[in-house]
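Student: heads up, no residue letters with this:
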């Protein structure tokens, strides 16, 4: 697959009927209240586990290459975009998000990946 810059940067899914691209949450976070954030994490991680998600990145030690993302980056992987979307809309996740007020400032994207599970 060629991008707008003229070089290949990703391989599309193989042409198979059972190929389903994975879904991801990409979150950037600025923690405002560490103690309450840790309490939120217990609830949020439980909601992610219940939805079948895997937290594959949770770090505040990255180097900013461009722009101004919040200091902590979190990436959660799901079996599909539908699973990632359903997990975000789940009651468990919505309850966890209610705990966020004045605990952290964040941006959350639900996106489809390029890789496939067979």
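Tutor: Okay, I see it. It should be emphasised that the depicted structure is a prediction, and the values quoted were computed from it without experimental measurement.
Student: Could you list the buried residues of the helix or strand hosting residue 23?
Tutor: According to DSSP states H and E, residue 23 maps onto strand 20-31. Under the neighbour-count criterion of 16 or more other CB atoms under 10 Å, strand 20-31 has 20, 21, 22, 23, 24, 25, 27, 28, 29, 31 buried. Where you see a C-beta, it was placed from the backbone N, CA and C, and this is true even at glycine.
Student: So residue 32 versus residue 68, what's the distance?
Tutor: Remark: distance between residue 32 and residue 68 (CB to CB, to the nearest Å) = 17 Å.
Student: Next: residue 75.
Tutor: Taking CB to CB, one finds residue 75 at 19 Å from residue 68.
Student: What of residue 40?
Tutor: Distance of residue 40 to residue 68, computed by CB to CB: 23 Å.
Student: Between the two, which is the more surrounded one?
Tutor: Using other CB atoms under 10 Å, the more surrounded residue of residue 40 and residue 68 is residue 40, with 19 against 6.
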